[in-house]
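Asker: Here is the input, now give the coordinates:
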Amino acid sequence: MFTTESFDTIRCDVPRPGVARITLARPRQMNAYSWAMTQELQQAVTAFRDDDALLVLLVRGEGERAFCAGGDIGGHEPEHRARVHASPMGSGREMRDGMQQVLFSLRNMDKPTVAMIQGFAVAGGLALALACDFRLGGLGAKLGDTSGRFGLLPDEGGAWLFPHVMGYDRALKMILFHEIYDAETAYRLGLLTEVVAGDLEHRALEFCDTLAAKAPLAVRMTKMMVSRAMESTFQSSLGDAQWAVMVANPTEDVREAQLAFREKRVPKFRGR
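Answerer: The predicted structure follows:
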């Protein structure tokens, strides 16, 4: 079950029915992630995935300065650093069991996920945002990749996510030239789903409310069909659709939607 109990580096709550929210809570470090944060994020994301009462996940950063500034280069726990450096394979295991695992869990999620971006979302922070299905940014959002400035790599998942969203040449240019884009440019490049001129928090929750009000099974199966189609052939996608409709079409939600249409009212979906 998704819990609102306190963590050290993140906060979890349920601001609206069906909507879970995870807040990266290291504002002094611009919400850069440490090893501890990746472990807490993975625990929270898994709990959201397994809680059928929750339908949409909103991920945000605390404060106005940043959604997430990537990995905290100097802020990892001493015990963790010692374990990493004790073995030639330590850095690889750190990536596999840390932020890479969080991003994989988000990408593999069968529920919609939304990133709310204020301030900087750079390097691994941009990868975290792109692992979500939708990204809403305020006018002050700054998105890009700065890892190369420190001789580092887009190793959290950016090497795959960036070109899939932006195209190969634009992604490689962003990485090699260490570019950071304003909100409007990021929107044109596909990094943002929507630029919000007004109250970003209000719009993000409104966006989540709209998703949460839809037929849950249809939403989850649609997301998985579209996600799989991005990495498969047309024939395979048609096969996915065939088995999916056998599950979705006979549901009570479909019958309720048809009845509501005839009665000229809003349907009440129950996820069954």
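
Asker: show me where the stretch 101-250 of the chain has strands.
Answerer: Along the stretch 101-250 of the chain, counting by DSSP state E, counting those that start in this stretch, strands occupy 113-117, 120-122, 134-138, 142-144, 180-182, 194-196.

Asker: what comes up buried for the last one?
Answerer: Going back to what we said before, that points to strand 194-196. Across strand 194-196, burial judged by 16 or more other CB atoms under 10 Å covers 195-196. For the C-beta atoms, the positions are set from N, CA and C on the backbone; glycine is no exception.

Asker: Neighbouring strands of that strand in the sheet, and parallel or not?
Answerer: strand 134-138 (parallel) (DSSP bridges).

Asker: Could you do the fourth one as well?
Answerer: Sheet pairing here is set by DSSP bridges, and for strand 142-144 it gives strand 120-122 (parallel), strand 180-182 (antiparallel).

Asker: which of the ones you listed is buried the deepest?
Answerer: For those, the largest average neighbour count (mean count of other CB atoms under 10 Å) is found in strand 120-122, namely a mean of 27.

Asker: neighbouring contacts of that one?
Answerer: 30, 65-70, 115, 128-129, 137, 141-146, 180 (CB atoms under 8 Å, 6 or more residues apart in numbering).

Asker: shaky segments in the stretch 51-200 of the chain?
Answerer: Regions of the stretch 51-200 of the chain meeting the criterion pLDDT under 70 cover residues 74-95.

Asker: Which residue ranges of it form helices?
Answerer: 78-85, 90-97, 99-107, 124-130, 158-166, 168-177, 183-188, 200-212 (DSSP state H, counting those that start in this stretch).

Asker: Redo the ones you listed as TSV? Include mean neighbour count and distance to A36.
Answerer: Formatted as TSV, the helices of the stretch 51-200 of the chain follow (neighbours: other CB atoms under 10 Å; distance: least, CB to CB, whole Å):
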stretch	mean neighbour count	distance to A36
helix 78-85	12	8
helix 90-97	14	12
helix 99-107	21	12
helix 124-130	30	15
helix 158-166	18	22
helix 168-177	15	27
helix 183-188	17	29
helix 200-212	18	26
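
Asker: Save these as CSV, and put in distance to E256 too.
Answerer: Shown next, in CSV, are the helices of the stretch 51-200 of the chain (distance: least, CB to CB, whole Å):
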stretch, distance to E256
helix 78-85, 50
helix 90-97, 43
helix 99-107, 30
helix 124-130, 35
helix 158-166, 36
helix 168-177, 43
helix 183-188, 36
helix 200-212, 16
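
Asker: Would you tell me which of the ones you listed gets closest to D50?
Answerer: helix 99-107 (11.2 Å; CB to CB).

Asker: got the angle for the closest one vs strand 113-117?
Answerer: 120 degrees (axes from the mean of the first three to the mean of the last three CA atoms, to 10 degrees).

Asker: Quick one: residues in contact with helix 99-107.
Answerer: 33, 38, 41-42, 45-46, 49, 71, 113, 124, 127-128, 131-132, 155-157, 161, 227.
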